[in-house]
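In: I would like the atomic coordinates for the input below:
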Amino acid sequence: MQRFPQRTRSVWRSICFGLSLLVCCSAITKPALAKRPNILFAFADDWGRYAGAYAALSPGGLSDVVRTPHFDRVARQGVLFRHAFVTAPSCTPCRSSLLSGQYFWRTGRGAILQGAVWDPQIPTFPLLLKDGGYHIGHSYKVWSPGTPTNAPYGAKAYAYNKRGNRFSGFSQVVSRSDDPQATRQAVLDEVRGNFRDFLADRQQDEPFCYWFGPTNCHRKWIQGSGKALWGLNPDDLRGKLPKFLPDQDVVRQDVCDYLGEVQAFDAALGVLLDELQRIGAADNTLMIVSGDHGMPGMPRGKCNLYDFGVAVPLAISWKGHFPGPRVCDDFVNLMDLAPTLLDAAGSPVPDVMTGRSLLPILTSRASGQVDPTRDHVIVGRERHVAAARTGQLPYPQRALRTKDFLYIRNFAPERWPMGTAPGYGQPAAKMPAANLLQNNTFVAFGDLDASPTKAFILTHRQDAKMAPFFDLGFGRRPAEELYELSSDPDQVHNLADDPRFAATRSQLQGRLMDALKRTGDPRVVGDGRTFDRPPFAGPIPRRKNRKNKSR
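Out: Residues are numbered from 1 along each chain as shown. The predicted model follows:
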């Protein structure tokens, strides 16, 4: 992987800034000719592809129920992407990829969750924009868990959180209040105040890049909050759950509460959009709204390479520059956003970035498949919760997703995909009680967040009707998986051993492995065991006591 030595990093950035002026003046096909855009990047933790704007595209699913008027508004103003995916369904590696514009396996220890350490020599779009004259800032979460927290965005130096962090616990804060309506407004005012503090610090006419990253969609939220706070009815989800989830009261309630948190995020997005209107910046602000992976605490969601884990919403608008409303079928990996933002700002894109700018698609007037070469994405996973399985080992996977097929390569099928549990890779035979499974992620299958759904399936796993759901969510998986999407959109029927699909499986496997080798994936380059060794595997090194650190 190309790296920039620390000594030359400042020189590189100076060159970037200088070249950006030439690019702004000479690039005929780019919209950044007269004035660089402000950037609003709204990025929700654990938000899969569920938004009102998607209901018409995929009727019969969860988007039929959730209401997201502000996300839908951004989509109407610009481009809604039908096929947007993260490179990894885990917070830190996904964000490492997004911020650096590279596949997660190229980001050093940023490729894992627990035990992640950021390499400051990897260029990131926020810091490149800052060196190019942008006022940058962030609220809530950008990059974590990892050390230093939010390092790819300048860490604490560019944080705007002094009004508080209550929004990230939205349902807990509002549900437990004696006056939920007033508390809800106060929490939204916190969002407004943090953004106003950021805006107040910029110089006159200085373009800005603001990252809004609350974690309220992350576990855990209050049971019943979806209905109590947002009027969502769990019964409206009957018949709309994917086939790998039991269509049962506990699960519908759990999903309903999750969708309530999605609506809370959307309400906060509305606050930010109103503020842009207030200061007269809406017309020259490039807006991006998305999420970092699929639903937490649900089998085959977060930490999985099925669509339920890696497909995310994506709407992008910039008035007068990105014609809309349009729906595009091009396959997008969120690592494409870093070069896109640099491109729109007229700044050079480092050669090390493996993402591809979306600007040609965004500035086009076409809908559907705009760029025929964007016909697939590649996704993957290594370590999430360190202690989820014996030896603190990862669960290594890579996958290729096209319009017609999903092909998954599991490099260590002998390991448990969601981690071990009593009787499943651990010697004890007794599963923890339901209350522990609902509230403590680490008591069993640690790569799946604690939840009512997790507790329900595990405590009923031996029931004949529940056993298939347990196997799909927690059981070991074969070395290869292949799903035909036209007949199996929920990806539950593995066709990898079906002779009718042998040629397809071989072709997709070859295409995937060629791409991994070309991009220097340690899982297939060399002996392929880099991610199975420290510091990527094994116990997390203890941090030194702060009191003993030299200053």
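In: Show me which helix or strand of this protein is least confident by mean pLDDT.
Out: helix 6-26 (a mean of 36; mean pLDDT, DSSP states H and E).
In: Follow the chain on from it and name the next helix or strand.
Out: Per DSSP states H and E, the first helix or strand lying C-terminal to helix 6-26 is strand 38-44.
In: how far out from the middle of the chain is that following strand?
Out: Centroid separation for strand 38-44 versus its chain: 13 Å, with CA atoms, centre = their mean, to the nearest Å.
In: for the record, mean pLDDT for it?
Out: Mean pLDDT, computed over strand 38-44, is 98.
In: what's the following helix or strand past that strand in contact with?
Out: Following strand 38-44 in sequence order, the next helix or strand is helix 69-77 (DSSP H and E). Helix 69-77 is contacted from outside by 51-53, 266-267, 269-270, 273, 287, 289, 313, 315-317, 319, 324-325, using CB atoms under 8 Å, 6 or more residues apart in numbering. All C-beta atoms are positioned from the backbone trio N, CA, C, and that covers glycine.
In: Out of those residues, which sit inside helices?
Out: 266-267, 269-270, 273 (DSSP state H).
In: Can you add pLDDT, neighbour count and distance to E481 and give those back as CSV?
Out: Formatted as CSV, the ones in helices among the contacts of helix 69-77 follow (pLDDT from 0 to 100; neighbours: other CB atoms under 10 Å; distance: CB to CB, whole Å):
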residue, pLDDT, neighbour count, distance to E481
D266, 98, 23, 33
A267, 98, 19, 38
L269, 98, 24, 35
G270, 98, 17, 40
L273, 98, 20, 40
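In: from these, which is closest to F501?
Out: D266 (39.7 Å; CB to CB).
In: so what's Q172 up against?
Out: Taking CB under 8 Å, 6+ apart, we find Q172 in contact with 221-222.
In: how about 10 Å then?
Out: The contact partners of Q172, by CB atoms under 10 Å, 6 or more residues apart in numbering, come to 166, 216, 220-222, 225.
In: Likewise for P93?
Out: 86-87, 103-105, 107, 109-113, 116, 146, 292-293, 380-384.
In: re the thing from before, what remains of the contacts of Q172 if I keep only buried residues?
Out: If you count burial by 16 or more other CB atoms under 10 Å, the buried members of the contacts of Q172 come out as 166, 216, 220-222, 225.
In: hmm, which two among those are most spread apart?
Out: Comparing every pair within the buried ones among the contacts of Q172 by CB to CB identifies R166 and K220 as the most remote, at 15.6 Å.
In: just for the chain, where's the confidence low?
Out: 1-34, 543-551 (pLDDT under 70).
In: so what's the backbone phi/psi at the residue most central in space within it?
Out: Centroid check for the chain by CA atoms, centre = their mean gives D292 as the closest residue, at 1.2 Å. Main-chain torsions, D292, degrees, to the nearest 10: phi -100, psi -10.
In: doesn't P214 make contact with it?
Out: No - between D292 and P214 there is no contact, the gap being 11.6 Å when judged by CB atoms under 10 Å.
In: between those two, what contacts are shared?
Out: Shared contacts of D292 and P214 (CB under 10 Å, 6+ apart): 43-45, 141.
In: From those, pick the one nearest N333.
Out: Looking across the shared contacts of D292 and P214 and measuring by CB to CB, the closest to N333 is F43, at 14.9 Å.
In: Tell me how far the closest one lies from A282.
Out: Separation of F43 from A282 (CB to CB, to the nearest Å) stands at 19 Å.
In: Looking at those two now, which is surrounded by more residues?
Out: Using other CB atoms under 10 Å, the more surrounded residue of F43 and A282 is F43, with 25 against 18.
In: In contact with the more buried one: list those residues for me.
Out: 94-95, 98, 138, 140-142, 211-214, 265, 288-292, 312, 334, 337.
In: The same query, at a cut-off of 6 Å, please.
Out: Residues in contact with F43 (CB atoms under 6 Å, 6 or more residues apart in numbering) are 213, 290.
In: ok, the ones in helices among the contacts of helix 69-77 vs V250, which is closest?
Out: Nearest to V250 among the ones in helices among the contacts of helix 69-77, with distances taken as CB to CB, is D266, at 25.3 Å.
In: Can you tell me the closest non-neighbouring residue to the closest one?
Out: Among residues not flanking D266 along the chain, T68 sits closest, at 4.2 Å (CB to CB, 6 or more residues apart in numbering).
In: Please identify the buried residues of stretch 139-146?
Out: 139-144, 146.
In: try stretch 318-326
Out: For stretch 318-326, using 16+ other CB under 10 Å, the buried residues are 318, 321-322, 324, 326.
In: Please enumerate the strands of the stretch 451-551 of the chain.
Out: 480-484 (DSSP state E, counting those that start in this stretch).
In: Kind regards, and thank you for your time.
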